[in-house]
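Colleague: kindly generate the corresponding structure for this input.
(chains A and B)
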Amino acid sequence: MIDTVKLDLLVVLSKSDAYVSFSDSAKLKELSNHTIHNAGIYQDQNSLKIAIIVYSISKMLERGLSDTLQFSNLLKEAKAHLENGNEEKFHETLGKLLDKIAHEDSKMGVYVEEVIRQAKIRKGSSLIAHGLSTGQVAHLLGVTSWELMHYIGKTNLDEEMPSLDVTSRIKFTRNLFK
Amino acid sequence: MNKILVFDTGPIISLGLNNLMWMLKPLKEKFGGEFYITHYVKEELVDIPLKSKKFKLEAFQVEECINAGILKEVHEQQLLPTTRKLMDIANNIFVANNQSMTVVQFGEISTLALACHMHAQAVVVDERATRELMENPEGFTRRLSRRFGVPVTINKDRLMQWRRELCDLKVIRSVELATVAFEMGLLDRYLVRSIPNLVHPKRELLDAVLWGMKLNGCAVSEEEIRRIMKLENTD
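Modeller: Numbers count the residues shown, from 1 in each chain, chains lettered A, B, ... in the order given. All right, here's what the predicted structure looks like:
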């Protein structure tokens, strides 16, 4: 793992543990956005997973999750493994966190893994806003282009885009169909 | 020379999510050429959603178009070297923190490779990363830099190579296709029953189609929609 990413992830894990303990969903969401930067630049799967985990926990807190102790412990565990350079155990713990989210999610009456799926699409949309292509994001997150397109259309992602002149694009298209 | 349009995943999704897949047949007839997709794009459009519950019905509808020969699937075996070469160039143009940024994926690049290979009139691409990479890489760099909060530089050799390989390939989107379909009267079928309180039904219909495309993933700004509406002058 790249040193910059590792250091960043240690800070994120530390902060997310604190925010989970305080049930601060807003701060958790901010934190998940931060992780997206590394996910985008380095295409780092760990950063992506952590962004998804942190975002999912924030959503569950909004839905009334009260028992945060196990999440807190698993976040501490992940941080310890990463600090000690035990990447295998670190991945294992991230897996446990995702399983735990899916389990709690189903207890809350939502389809299993729905929170994770939604988190992937939200984070995917953020990566697209950062400049990655839809196909690349679908590939990184294991979601379909259908899901991403359906979601990003409802955001104001394309308002800032300086585009080529739409008039000439229409004229060009008209000529194709003459 | 055969007329050819090569479609990326996005425009087919935009049409599918708006129940406008049927438009492809009359558009193709008017075009008088072929509409192609690569095998990889077909996988994204059909094979993957068929394995899940979400967008499964839409996948069936795309498959119907392929079966009917409206969209022709091309297996990219022969295109693999070109696709790999283009992938390598595209994903080494932008550099952040001494790291090349992977911005595009095989599906999108295979579409461009096929279009170049077949000397297509244009590629139909709705998503903006690929389009900006083709049309405005400098602007794209600024966006990457602003969004990621780090300086992003351009590898100029790679960019020159990229431009050379693409040979001035033109891009259109599903909104342009829909606008032309509107001009051809293809959408008039929706005007058969007068809807009360609509002063300019044709104008409203165009507005509805353009917004439908935007809300289902086509990268088009509100300002562009306004300009198209003005251009069409349907009052």
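
Colleague: and the residue of chain A that's closest to chain B?
Modeller: A:M149 (3.0 Å; CB to the nearest CB). For the C-beta atoms, the positions are set from N, CA and C on the backbone; glycine is no exception.

Colleague: pretty sure that residue sits against B:I13.
Modeller: Yes: assessed by CB atoms under 8 Å, A:M149 is found in contact with B:I13 at 4.6 Å.

Colleague: of the two, which one has the most company?
Modeller: Shown here are A:M149 and B:I13; by other CB atoms under 10 Å in any protein chain shown, B:I13 has more neighbours (31 against 27).

Colleague: pretty sure the more buried one sits in a strand.
Modeller: No: applying DSSP: H, G, I helix; E, B strand; the rest coil, one finds B:I13 to be helix, outside a strand.

Colleague: list the contacts for it?
Modeller: Going by CB atoms under 8 Å, 6 or more residues apart in numbering or on different chains, B:I13 touches A:S145, A:W146, A:M149, A:H150, B:L45, B:E58, B:D126, B:N216, B:G217.

Colleague: same thing with A:K76?
Modeller: A:D17.

Colleague: please identify the helix or strand for it.
Modeller: helix A:69-83 (DSSP states H and E).

Colleague: on that earlier part again, so what sits against both of A:M149 and B:I13?
Modeller: By CB under 8 Å, 6+ apart, the residues touching both A:M149 and B:I13 are B:D126, B:N216, B:G217.

Colleague: circling back: buried residues in the helix holding A:K76?
Modeller: Buried residues in helix A:69-83, counted by 16 or more other CB atoms under 10 Å in any protein chain shown: A:F71, A:S72, A:L74, A:L75, A:E77, A:A78, A:K79, A:H81, A:L82.

Colleague: what's the longest helix along chain A packed up against?
Modeller: The longest helix of chain A (DSSP state H) is helix A:87-107. For helix A:87-107, the packing partners by 3 or more CB pairs under 8 Å, 6 or more residues apart in numbering or on different chains; DSSP states H and E come out as helix A:45-62, helix A:69-83, helix A:114-130.

Colleague: list the buried ones in the helix or strand encompassing B:L231?
Modeller: Element membership for B:L231, per DSSP H and E: helix B:222-232. With burial defined by 16+ other CB under 10 Å, the residues of helix B:222-232 counted as buried are B:E224, B:I225, B:R227, B:I228, B:M229, B:E232.

Colleague: relative to A:L164, how far out is the fifth one?
Modeller: B:M229 sits 18 Å away from A:L164, going by CB to CB, to the nearest Å.

Colleague: one step back: any idea how far the longest helix of chain A is from the chain center?
Modeller: 14 Å (CA atoms, centre = their mean, to the nearest Å).

Colleague: which residues does it contact?
Modeller: Outside helix A:87-107, the residues that touch it by CB under 8 Å, 6+ apart are A:1, A:46, A:49-50, A:52-53, A:56-57, A:60, A:65, A:70-71, A:74-75, A:77-78, A:81-82, A:111-116.

Colleague: any low-confidence regions in chain A?
Modeller: Filtered on pLDDT under 70, chain A yields the residue ranges A:107-113, A:156-163.

Colleague: if you skip the residues just before and after it, what's nearest to whichever residue of chain B sits closest to chain A?
Modeller: Across chain B, no residue is closer to chain A than B:G217, which sits at 3.0 Å (CB to the nearest CB). Computed as CB to CB, 6 or more residues apart in numbering or on different chains, the closest residue to B:G217 that is not its neighbour in sequence is A:M149, at 3.0 Å.

Colleague: so which bits of whichever strand or helix holds that neighbour are buried?
Modeller: Per DSSP H and E: A:M149 is located in helix A:145-152. By 16+ other CB under 10 Å, the buried positions in helix A:145-152 come out as A:S145, A:W146, A:E147, A:L148, A:M149, A:H150, A:Y151, A:I152.

Colleague: and the third one, what is it in contact with?
Modeller: A:E147 makes contacts with A:R117, A:I121, A:A138, B:K54, B:F55, as judged by CB under 8 Å, 6+ apart.

Colleague: okay, those residues in JSON lines with distance to B:E135 and neighbour count next?
Modeller: Shown next, in JSON lines, are those (distance: CB to CB, whole Å; neighbours: other CB atoms under 10 Å in any protein chain shown):
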{"residue": "A:R117", "distance to B:E135": "33", "neighbour count": "21"}
{"residue": "A:I121", "distance to B:E135": "27", "neighbour count": "19"}
{"residue": "A:A138", "distance to B:E135": "22", "neighbour count": "25"}
{"residue": "B:K54", "distance to B:E135": "32", "neighbour count": "14"}
{"residue": "B:F55", "distance to B:E135": "29", "neighbour count": "24"}
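
Colleague: so which of the residues you listed comes closest to A:K15?
Modeller: Among the contacts of A:E147, A:I121 lies closest to A:K15 (CB to CB), at 23.8 Å.

Colleague: list the residues that contact B:C116.
Modeller: Counted by CB under 8 Å, 6+ apart, B:C116 has contacts B:T82, B:E165, B:L166, B:C167, B:L169.

Colleague: next secondary structure element downstream of the host helix or strand of it?
Modeller: Using DSSP H and E, B:C116 sits in helix B:106-117. Once the chain leaves helix B:106-117, the next helix or strand it forms, by DSSP H and E, is strand B:122-124.

Colleague: do the helix holding B:L231 and chain A meet?
Modeller: Yes: applying CB under 8 Å from any CB of the partner chain, one finds helix B:222-232 in contact with chain A at B:E222, B:E223, B:E224, B:R227, B:I228, B:L231.

Colleague: what's the farthest-apart pair in those residues?
Modeller: Greatest spatial distance in these: B:E222 and B:L231, 14.8 Å, computed using CB to CB.
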